[in-house]
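Chemist: sequence plus predicted model, see below.
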Amino acid sequence: MYRKYLSLLISACVLTACTGETTASVTSKTVPAEKITQIEAKVKKLYPDADTKLQHKIVDVAVESLESMVFIKGGTFMMGAFKAPCSPISTDRMDWSPDAKCNTDITNVKTGANFIHKVTLSNYSLANHETTYHGFDAFQRAHHRPVVDADMREKHDLSDDKFKNLTTPTKTWQEAKDYCLWLGELTDYPIDLPTEAQWEYAARNRGKHLYYATNNGYLERKGDQHLVDGRYVDYTKDEWNIGSSTDLNQIKLYPPNPLGLYDMSGNVMEWMNDWYSEDYYQHSPEIDPQGPSSGTKKAMRGVGLTTSRSSNAIVQEKYHLYYGFRCAVQQKTTINSTK
């Protein structure tokens, strides 16, 4: 992240127009100063009663959301669970070949992921990380709602900084959707949740035959071993590209995939914009599929294979630690002119 904070005094002057100047309180190497000034004006207009600290945080979250967007050039690919080698030495280290014949996951038949179909996507942008407490806290406070785990955080006197780089839990699909739309309102860009097709295309580095969305297409998990010359060898720290159970929910700990997207394999499940249907692949349109027109569950992606499908009820009983999301910009041109 290429930003720096000016003093709170300067921030206060900007947000209250005490000097009449338009110097931005947050600077960025990818988001133009003019855009930041527009965001600050929008925040002041939408939340005039918010204190300076909260206004500043909302601006910070909005600017960072634009900085994090990775432009994905659209294209055509064959979506679905392509086959895998039948007897790999390790399912964590598989290379695709045209003669691969075995299923990658026993759930593929049930979820409909096995139905390979042609998809053509327009350009879009996708956040390089999952949404964190830092962003979701600002969203909740802006709308006068308690932050997630408010009682626990107050009881143990836990500062916001302790949660800043952790993925935010969710309780409903709608709050993930609303958060992305809120970023769109703040920035004047068409920000929303990604579609299943957009997520898979990006996870597979623009539709390539990659089983895992890591830097090299393999899972090299912290604490695991792999076979080298007939013996098992620990992965070195430099080789780790996915975490263990001790560092789940932390963003950007390990290298991104070739497009620059972090934690597409590992970390948490991510809400998609699509309604979920097991047979949707069988009648999906080729151009920019949006999912079924209705349903009872929403699609989810992430954690494991790039092609695996999952779903969940749109409302959970409580905030779920492993249900997160990331946002996308649904426009065909890049949003940051300096990128």
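Modeler: Alright, I've got the coordinates. Numbering: from 1, shown residues only.
Chemist: what kind of secondary structure is residue 141 in?
Modeler: helix (DSSP: H, G, I helix; E, B strand; the rest coil).
Chemist: what's the neighbour count on the closest residue to it other than its chain neighbours?
Modeler: Setting aside the residues directly before and after it, residue 141 is nearest to residue 54 in space (CB to CB, 6 or more residues apart in numbering), at 5.8 Å. (Glycine included, C-beta is placed from N, CA and C.) The number of residues packed near residue 54 is 16, by other CB atoms under 10 Å.
Chemist: residue contacts, residue 328?
Modeler: 124-127, 180, 191-194, 198 (CB atoms under 8 Å, 6 or more residues apart in numbering).
Chemist: from residue 196, how far out is it?
Modeler: According to CB to CB, to the nearest Å, residue 328 stands 12 Å off from residue 196.
Chemist: ok, now residue 273?
Modeler: For residue 273, the distance to residue 196 (CB to CB) stands at 8 Å.
Chemist: now the strands for the protein?
Modeler: 69-72, 75-79, 117-121, 124-127, 170-172, 191-192, 225-228, 231-234, 269-275, 297-301, 310-313, 315-320, 323-324, 328-329 (DSSP state E).
Chemist: can you pull the buried residues of the fifth one?
Modeler: Along strand 170-172, these residues count as buried under the neighbour rule (16 or more other CB atoms under 10 Å): 170, 172.
Chemist: ok, now stretch 178-189?
Modeler: The neighbour-count check on stretch 178-189 (16+ other CB under 10 Å) flags 179-180, 182-184, 186-187, 189 as buried.
Chemist: will you turn those into TSV that also has distance to residue 64 and pLDDT?
Modeler: Below are the buried residues of stretch 178-189 laid out as TSV (distance: CB to CB, whole Å; pLDDT from 0 to 100):
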residue	distance to residue 64	pLDDT
179	13	98
180	14	98
182	14	98
183	10	98
184	15	98
186	11	98
187	11	98
189	14	98
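Chemist: counting only helices, which of the residues you listed make the cut?
Modeler: The helices, defined by DSSP state H, take in 179-180, 182-184, 186-187 from the buried residues of stretch 178-189.
Chemist: does residue 198 touch residue 120 like I think?
Modeler: No. Assessed by CB atoms under 8 Å, residue 198 is found out of contact with residue 120, at 11.9 Å.
Chemist: tell me which of these two has more neighbours.
Modeler: Taking other CB under 10 Å, residue 198 and residue 120 do not tie; residue 198 has more neighbours (27 against 15).
Chemist: quick one: the more buried one and residue 207, what's the gap?
Modeler: For residue 198 relative to residue 207 (CB to CB), the value is 11 Å.
Chemist: equivalent analysis for residue 289, please.
Modeler: Residue 289 sits at a distance of 14 Å from residue 207 (criterion: CB to CB).
Chemist: which residues do the two both contact?
Modeler: Here residue 289 and residue 207 have no joint contacts, going by CB under 8 Å, 6+ apart.
Chemist: circling back to that earlier point, which neighbours do residue 273 and residue 196 share?
Modeler: Common neighbours of residue 273 and residue 196 (criterion: CB under 8 Å, 6+ apart): residue 291.
Chemist: in the protein, what spans have low per-residue confidence?
Modeler: 1-24, 336-339 (pLDDT under 70).
Chemist: cutoff 50 now
Modeler: 1-2, 4-23, 338-339 (pLDDT under 50).
Chemist: span of stretch 260-276 from start to end?
Modeler: Using CA to CA, to the nearest Å, one end of stretch 260-276 lies 27 Å from the other.
Chemist: now that stretch: buried residues?
Modeler: Neighbour-count burial for stretch 260-276 [16+ other CB under 10 Å]: 261-276.
Chemist: contacting residues for residue 278?
Modeler: 110-112.
Chemist: again, only this time at 6 Å
Modeler: The contact partners of residue 278, taken as CB atoms under 6 Å, 6 or more residues apart in numbering, are 111-112.
Chemist: any idea how far residue 99 lies from residue 92?
Modeler: The spacing between residue 99 and residue 92, counted by CB to CB, is 21 Å.
Chemist: so those two - more neighbours on which side?
Modeler: Taking other CB under 10 Å, residue 99 and residue 92 do not tie; residue 92 has more neighbours (16 against 8).
Chemist: from residue 256, how far off is the more buried one?
Modeler: Distance of residue 92 to residue 256, computed by CB to CB: 18 Å.
Chemist: likewise residue 47?
Modeler: For residue 47, the distance to residue 256 - CB to CB - is 33 Å.
Chemist: same check on residue 205?
Modeler: Residue 205 sits 11 Å away from residue 256, going by CB to CB.
Chemist: helices of the stretch 151-300 of the chain, start to end?
Modeler: For the stretch 151-300 of the chain, applying DSSP state H, counting those that start in this stretch gives helices covering 173-187, 196-203, 280-283.
Chemist: residues near residue 233, how many?
Modeler: 11.
Chemist: thinking again about what came up before, right, so of the helices of the stretch 151-300 of the chain, which gets closest to residue 69?
Modeler: Distance to residue 69, taken as CB to CB, is lowest for helix 173-187 among the helices of the stretch 151-300 of the chain, at 9.9 Å.
Chemist: how big is the angle separating that closest one from strand 315-320?
Modeler: 70 degrees (axes from the mean of the first three to the mean of the last three CA atoms, to 10 degrees).
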